[in-house]
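Undergrad: I would like to see how this sequence folds:
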Amino acid sequence: MGGGVCFFSLAYAKQTILDLSQQLDQTTENGVNLEDWLDRFLKERKILEDKYGTSFAFIINAQVQSLLYARANQGKSRSAWYYNIGIEQKLWSDAYIVFELEGGHNKGIDKLLPTLSGLNSDAGEISYAYVNRFYLHQDFLDKKIFFNLGRLDLSDWFDSNEAANSGDIQFLSGALVGNLTVPFPQKGLGGVVGFSPVDWFYFQVGAADALASSTKAGFNRSFKGSFFIGEFGFLPKMGVNLQGNYRFMFYLDRQNLEYIDGLGKRRRDCGYALSFDQQVTKRITFFCRYGFANQKVRDIRHFWSVGGQLSQPILGRKDDFLGIGMAQSILGRDYRQAYEYETASSETIYEIYYNFSLHPFMKFIPNIQIVTSPYGKKSSGCNVVGGGRVVVLI
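TA: Purely as a prediction, here's the structure:
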């Protein structure tokens, strides 16, 4: 019954949004329709950027998910939302400052079904307003070299993927947005330096406060732990201009990490990962990720994900796209020994979504997720989660 309620809710939400979109397209009482308003807004924003070097954008993302089938809490739903306002101000030649204000509420369905994968990577921090990013960007040598310095998120530059990178408009699960074995710190003080001598190759390194908190400045404990990461990538074009991206990463996490068995601490840890994506046609892109971590201090020893993205899945719907993916987190021997009576060898998640473009600035994205042995618990079995997102990007 819970599954029926969820699908009815999603169908109702989709119809409501479609009706709203149609109404917004119609002429209002004062003779101004949405297209005219949006065109004027974009023109004014372009004038502001050209005249003062100031550009801005914002996003509002609201999600709802329901447990369609589960051993516990079946039929229950949870929602979450967040907003982000970004401002970019040009300074001198090839330099600008990025400032982002963000806020949100609720942790979503993950409160009802904890997993290693994370069912909702879009769930907002429980804070209505905090400085999300505030950093300086500078390019050199015709943009062959760049650096960023300030309050930032290293995952903006590392572990990227064309088909599985955005929780806003692509997959919703954290396991299909990033690599779960790379312990990126929360947003905080850090820096990135990159070098791209040719179009098809680059190298970059980054460092950040390993103990940062996204919603707090945390200056009193900054860099009591530090996180370093390096990445190089090959960006070949194959066949009829089909883009490929092949990224390789290595990280060093310098902080006190407790051993899984509880017998002491380790002062540093390292691991490696890769992220590949390749266009096979102009409409189809495949991707894969892999990561390896130290099982003495990490729950997950091996991680991998695969999948693909199809643009224009329905002819004529050129702004829509469909994604299908799966990811598996393989638990380390030490973790399984510590919980040997109830722990499975791995957790696996499958996800399919459809990005339905209601308007150039509004998306509705329903999705289905299937997760087996959540958090590696044998007794949890197979669980099915259905949900949807409404995303406004301007």
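Undergrad: tell me where the model's unsure across the stretch 51-200 of the chain.
TA: Within the stretch 51-200 of the chain, no range satisfies pLDDT under 70.
Undergrad: ok, which stretches of it are helices?
TA: With DSSP state H, counting those that start in this stretch as the criterion, the stretch 51-200 of the chain has no helices.
Undergrad: now the stretch 251-394 of the chain
TA: 333-338.
Undergrad: tell me where it has strands.
TA: Using DSSP state E, counting those that start in this stretch, the strands of the stretch 251-394 of the chain run over 257-258, 265-266, 269-279, 284-292, 300-311, 321-331, 346-359, 362-372, 382-393.
Undergrad: each with direction, which strands does the fifth one pair with?
TA: According to DSSP bridges, the neighbouring strands of strand 300-311, each with its direction, are strand 284-292 (antiparallel), strand 321-331 (antiparallel).
Undergrad: now the last one: average pLDDT?
TA: Across strand 321-331, pLDDT averages out at 97.
Undergrad: just how off-centre is that strand within its chain?
TA: 13 Å (Cα atoms, centre = their mean, to the nearest Å).
Undergrad: worst mean pLDDT among the strands of the stretch 251-394 of the chain?
TA: strand 265-266 (a mean of 88).
Undergrad: coming back round to it: got JSON lines for the strands of the stretch 251-394 of the chain, with distance to Gly233 and mean neighbour count too?
TA: From N, CA and C alone the C-beta is placed, and that goes for glycine too. As requested, the strands of the stretch 251-394 of the chain are exported to JSON lines (distance: least, Cβ to Cβ, whole Å; neighbours: other Cβ atoms under 10 Å):
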{"stretch": "strand 257-258", "distance to Gly233": "28", "mean neighbour count": "16"}
{"stretch": "strand 265-266", "distance to Gly233": "29", "mean neighbour count": "12"}
{"stretch": "strand 269-279", "distance to Gly233": "9", "mean neighbour count": "20"}
{"stretch": "strand 284-292", "distance to Gly233": "13", "mean neighbour count": "20"}
{"stretch": "strand 300-311", "distance to Gly233": "18", "mean neighbour count": "21"}
{"stretch": "strand 321-331", "distance to Gly233": "21", "mean neighbour count": "21"}
{"stretch": "strand 346-359", "distance to Gly233": "25", "mean neighbour count": "21"}
{"stretch": "strand 362-372", "distance to Gly233": "28", "mean neighbour count": "20"}
{"stretch": "strand 382-393", "distance to Gly233": "27", "mean neighbour count": "21"}
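Undergrad: and the ones you listed: which comes nearest Asp36?
TA: strand 346-359 (13.6 Å; Cβ to Cβ).
Undergrad: got the strands paired with strand 300-311 as JSON lines, with distance to Phe201 columns?
TA: Shown next, in JSON lines, are the strands paired with strand 300-311 (distance: least, Cβ to Cβ, whole Å):
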{"stretch": "strand 284-292", "distance to Phe201": "20"}
{"stretch": "strand 321-331", "distance to Phe201": "27"}
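Undergrad: which residues in the stretch 51-200 of the chain form strands?
TA: Going by DSSP E, counting those that start in this stretch, the stretch 51-200 of the chain shows strands at 54-69, 77-90, 95-105, 127-140, 145-152, 188-198.
Undergrad: elements contacting the third one?
TA: Read that as strand 95-105. Secondary-structure packing of strand 95-105 (3 or more Cβ pairs under 8 Å, 6 or more residues apart in numbering; DSSP states H and E): strand 77-90, strand 127-140.
Undergrad: mind putting those in a markdown table, distance to Phe56 included?
TA: Listed next are those as a markdown table, based on distance: least, Cβ to Cβ, whole Å:
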| stretch | distance to Phe56 |
| --- | --- |
| strand 77-90 | 5 |
| strand 127-140 | 13 |
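Undergrad: returning to that earlier point: closest one to Asp159 among the strands of the stretch 251-394 of the chain?
TA: Using Cβ to Cβ, the nearest of the strands of the stretch 251-394 of the chain to Asp159 is strand 269-279, at 5.3 Å.
Undergrad: do you know which of the strands paired with strand 300-311 lies nearest Pro197?
TA: When those are compared (using Cβ to Cβ), the closest one is strand 284-292, at 25.6 Å.
Undergrad: which residues does that closest one contact?
TA: 159, 161-164, 179-182, 271-280, 300-311, 325, 327 (Cβ atoms under 8 Å, 6 or more residues apart in numbering).
Undergrad: now that strand against strand 269-279, angle please.
TA: Using axes from the mean of the first three to the mean of the last three Cα atoms, to 10 degrees, the inter-axis angle of strand 284-292 relative to strand 269-279 is 170 degrees.
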